[in-house]
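> here is my input; please provide its structure:
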Amino acid sequence: MSRLALGRRLVTLAGLGLAASSLTGCDPVYRYLFLPPERVRYVLIPAPGRSEATDSTGTFVAESDGTLAFTAPGYKLSLKYLTDEQLNATFPDDSNQGAFSTNPFTFGNYVDPALGYIDERFLVFKLSSFDYTLPRMKVEPAEATLATNRGENQSAYGINREPPNDPQRNLEVYFRSRAGKSGTEEELFNSRLTLARRAIYLYPRGQFKGETKDGFITFDPVNDGTRSLRVTFHKVAVGYDQTQTPDRFVDLTFAFERVPISESPYHRSTGDRLADVSSPSATADSLGSSTPPSANVPLSGRPSST
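Coordinates of the predicted model:
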């Protein structure tokens, strides 16, 4: 490289440095243009050995795609943590309009200028329930709770609860409180709520023999210092009497560890994005090696996008 070219490069770098220095002290829209923030991405991996159930006939197993499943005679419940990338891939047409993205579970591709990255809107799991031989069973999402190692406790979000379990744990209340008065804001509110209603786990009648149900269970994001959490489904009805009144219940607690991407056997990082990795033998109890990326996580029997 000639001295002239080297001099030009040094001048350019110096100019960029001065610009970045000045921008960090003014408008936050430009704060991270030259100096993007360092950020450690975290994901959840299953910990079957730390999961619990009041039904002693069943067992917890971590499946190859990171799903944590409880299987007992006649039925099965599985819970899978979903990254924002998976949620955006599930609803691609609703996740690519920046601040106007209508994906209700993420901020789409909107980069918060005050943070320098895409913030996390919710902590989302896909719940699947399988009734193999029971006459009837029912999972009540209003009875789902989350507890972290830091003592944080919260209930799952619902929609239009009657009566509401907690008005602040309602997705309609959440989006209405953040909607403006303009026609565009009202349209965004309706689009997000419509998609949320179609995607969350909500089956008031439960399910019957041979049926499979699935949907999303949604919580607020956990604190940065969280290292482990437990999601508990209380009063899962697995038995009914002759009047179709539930008379046998189980409580199921699904345990997860929260780890950096680099320590997850189920995910790999590509820049600021995540991809799935299947690993049959890897869990939070025993980390293993990873294999090629797995497929997306569609909701069975539901549209993948609007």
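> for Val111, see how far away Asp119 is.
In this view, Asp119 and Val111 are 9 Å apart by Cβ to Cβ, to the nearest Å. For glycine as for every other residue, the C-beta is placed from the backbone atoms N, C-alpha and C.
> for the stretch 101-250 of the chain, just list every one of the helices.
171-178, 183-199 (DSSP state H, counting those that start in this stretch).
> tabulate these (a markdown table), appending mean neighbour count.
Formatted as a markdown table, the helices of the stretch 101-250 of the chain follow (neighbours: other Cβ atoms under 10 Å):
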| stretch | mean neighbour count |
| --- | --- |
| helix 171-178 | 16 |
| helix 183-199 | 16 |
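> look up the residues forming beta bridges with the spatially most central residue of the chain.
What sits nearest the mean C-alpha location of the chain, by Cα atoms, centre = their mean, is Val124, with 2.4 Å. When bridges are called by DSSP bridges, Val124 pairs up with Leu82, Thr218.
> and it, what is it in contact with?
Tyr81, Leu82, Leu87, Phe105, Phe216, Ile217, Thr218, Phe219 (Cβ atoms under 8 Å, 6 or more residues apart in numbering).
> so the fourth one makes contact with Arg121?
By that I understand Phe105. Yes: between Phe105 and Arg121 there is a contact at 6.4 Å, judged by Cβ atoms under 8 Å.
> okay, and the common contacts of the two?
With Cβ under 8 Å, 6+ apart as the test, Phe105 and Arg121 both reach Asp84.
> of the two, who's got more company?
The residue with more neighbours, out of Phe105 and Arg121, is Phe105; 27 against 19, by other Cβ atoms under 10 Å.
> OK, contacts around the more buried one?
Each residue near Phe105 by Cβ under 8 Å, 6+ apart is listed here: Asp84, Leu87, Phe91, Arg121, Phe122, Val124, Ala196, Ala199, Phe216, Thr218.
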